[in-house]
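1. here are the coordinates; sequence isn't available:
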């Protein structure tokens with residue numbers, strides 16, 4: 001019975017590409033375009049058709065992790081691409097729509113992130129072994145979208161492009177005080193201090209990231225300019241000329257947006273400039289994929305621009321510039337995935353096979369979300385005064401980031 005229901009569901013879903021599903025007893029079902037080369041999935045547990053129907057977004061990833069679902073030639077990329085491309089068409093599958101609505105009703109609780117819960121959520125992902133991240137990130141450990149000025153840019157070049165563009169949008173000058181909310185392993189803060197002479201205060205909830213950021217500041221001789229704290233952004237005091245947040249807003253949660261921008265307004269000087277860099281969704285408000293919420297980013301949510309701007313409008317702040325990065329993160333994730341897959345033997349020495357499958361599923365699913373399902377990156381420039389930044393965007397086109405002369409670093 002469940003296999004018949006699954007067949008009906010997939011027949012309504014898969015219209016582009018081709019998918020073959022082999023049931024536990026050996027029978028096979030084919031869906032999609034007859035002439036397309038199929039991706040073949042094999043189900044190895046009798047309970048799997050039922051689970052895939054009741055909660056497909058969660059069950060698919062769990063089954064792949066557990067090995068109860070396999071893909072011929074391990075073409076997980078092809079499987080997720082077929083599913084995401086077809087899901088992006090908003091298929092007329094009524095029960096799938098209802099699952100989305102139920103997740104919408106639950107999302108307020110799922111995104112409730114007071115300080116203690118926020119720290120637990122951060123630790124779940126960012127306190128993993130640093131050796132893992134070294135296997136697929138660039139040497140600076142930039143764990144956010146890179147900026148490819150040229151399609152041939154390497155990951156390292158594209159991450160440098162991103163940091164330079166952020167400095168440009170901040171109109172950064174030597175000696176200015178900068179608050180880095182969600183400072184990670186310290187790469188951006190050290191760049192702003194080392195290349196621009198800024199006095200950086202970075203805050204993170206990850207103990208592992210905090211430890212490494214402090215070590216890097218000492219090793220670079222920048223401990224007097226870049227200071228990192230294990231602290232919630234809500235506990236920061238003082239005023240700052242510039243505030244930047246890259247890849248952290250996704251962990252704030254909709255119930256806390258007003259709180260976030262209230263803190264930003266209080267911490268920003270009267271003529272200050274802030275830059276918010278966050279993953280977002282181009283198709284309006286939604287809910288976090290349940291597999292991602294359970295295994296990768298508990299408490300996380302990528303907002304629609306309408307959800308963010310509605311709060312900023314009431315905060316007493318001006319939005320002075322918005323840029324939408326579209327396929328940059330898809331290309332970033334592609335490189336991360338290729339590096340991760342090339343280093344699977346080293347990953348297995350750190351974690352088990354189930355973890356390897358989980359991380360691979362995460363990187364592929366994330367790439368597909370940016371490539372085919374409306375996920376983007378928003379960079380929102382914010383100020384208290386209308387004239388805190390130039391009234392034209394010429395300063396961005398020039399590419400000048402007011403980088404200080406190294407000889408004057410002392």
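-> Noted; the coordinates are in hand. Everything numeric here is computed off the predicted structure, so don't read it as measured data.

2. shaky segments in this protein?
-> 90-111, 398-410 (pLDDT under 70).

3. right, and the helix or strand after the helix ranked longest in it?
-> In terms of residue count, the longest helix belonging to the chain (DSSP state H) is helix 353-372. For helix 353-372, the succeeding helix or strand toward the C-terminus, using DSSP states H and E, is strand 375-383.

4. partners of that following strand in the sheet?
-> strand 268-281 (antiparallel), strand 318-325 (antiparallel) (DSSP bridges).

5. return the most buried member of these.
-> Ranked by mean neighbour count under mean count of other Cβ atoms under 10 Å, the strands paired with strand 375-383 are led by strand 268-281, which reaches a mean of 21. Yep, even glycine has a C-beta here, placed from its N, CA and C like the rest.

6. from the chain's centre, how far out does that one sit?
-> 17 Å (Cα atoms, centre = their mean, to the nearest Å).

7. and the closest residue to residue 206 other than its chain neighbours, backbone torsions?
-> Nearest non-adjacent residue to residue 206, counting by Cβ to Cβ, 6 or more residues apart in numbering: residue 126, 3.9 Å away. Backbone torsions for residue 126, taken as degrees, to the nearest 10, come to phi -90, psi -10.

8. likewise for residue 69?
-> Per degrees, to the nearest 10, the backbone of residue 69 is at phi -130, psi 130.

9. got a list of what it touches?
-> 41, 42, 43, 44, 48, 60, 63 (Cβ atoms under 8 Å, 6 or more residues apart in numbering).

10. tell me where the stretch 101-250 of the chain has helices.
-> Taking DSSP state H, counting those that start in this stretch as the criterion, the stretch 101-250 of the chain contains helices spanning 115-126, 130-134, 155-169, 187-196, 207-219.

11. mind listing what the residue nearest the centre of the chain touches?
-> Centroid check for the chain by Cα atoms, centre = their mean gives residue 279 as the closest residue, at 5.5 Å. Residue 279 makes contacts with 145, 247, 250, 302, 329, 375, 376, 377, 378, as judged by Cβ under 8 Å, 6+ apart.

12. what separation do you get for it and residue 297?
-> 10 Å (Cβ to Cβ, to the nearest Å).

13. what is the neighbour count of residue 67?
-> 12 (other Cβ atoms under 10 Å).

14. give me the neighbour count for the nearest residue to it once chain neighbours are set aside.
-> Once flanking residues are discounted, residue 67 sits nearest to residue 44: 7.3 Å by Cβ to Cβ, 6+ apart. For residue 44, the tally of surrounding residues (other Cβ under 10 Å) stands at 14.

15. now residue 25
-> For residue 25, using other Cβ under 10 Å, the count is 8.

16. swap in residue 175?
-> Residue 175: 12 neighbours (other Cβ under 10 Å).

17. how about it, what does it touch?
-> Residue 175 neighbours (Cβ under 8 Å, 6+ apart): 197, 198, 199.

18. of the residues you listed - the most surrounded one?
-> For the contacts of residue 175, neighbours tallied by other Cβ under 10 Å; top is residue 198, 28 neighbours.

19. list the buried residues of stretch 342-351.
-> Neighbour-count burial for stretch 342-351, counted by 16 or more other Cβ atoms under 10 Å, picks out residue 347.

20. same thing with stretch 4-12?
-> Applying 16+ other Cβ under 10 Å to stretch 4-12 flags 6, 7, 9, 10, 12 as buried.

21. tell me which entries of the contacts of residue 175 lie within strands.
-> residue 199 (DSSP state E).

22. a markdown table for the contacts of residue 175, including distance to residue 286?
-> Converted to a markdown table, these look like this (distance: Cβ to Cβ, whole Å):
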| residue | distance to residue 286 |
| --- | --- |
| 197 | 41 |
| 198 | 36 |
| 199 | 39 |
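
23. nearest to residue 29, of the contacts of residue 175?
-> Checking the contacts of residue 175 against residue 29 with Cβ to Cβ, the nearest one is residue 198 at 59.1 Å.

24. wait, the closest one touches residue 171, no?
-> No - Residue 198 is not in contact with residue 171 according to Cβ atoms under 8 Å; the separation is 11.4 Å.

25. re the thing from before, of the strands paired with strand 375-383, which is nearest residue 20?
-> strand 268-281 (30.9 Å).

26. sounds good, over and out.
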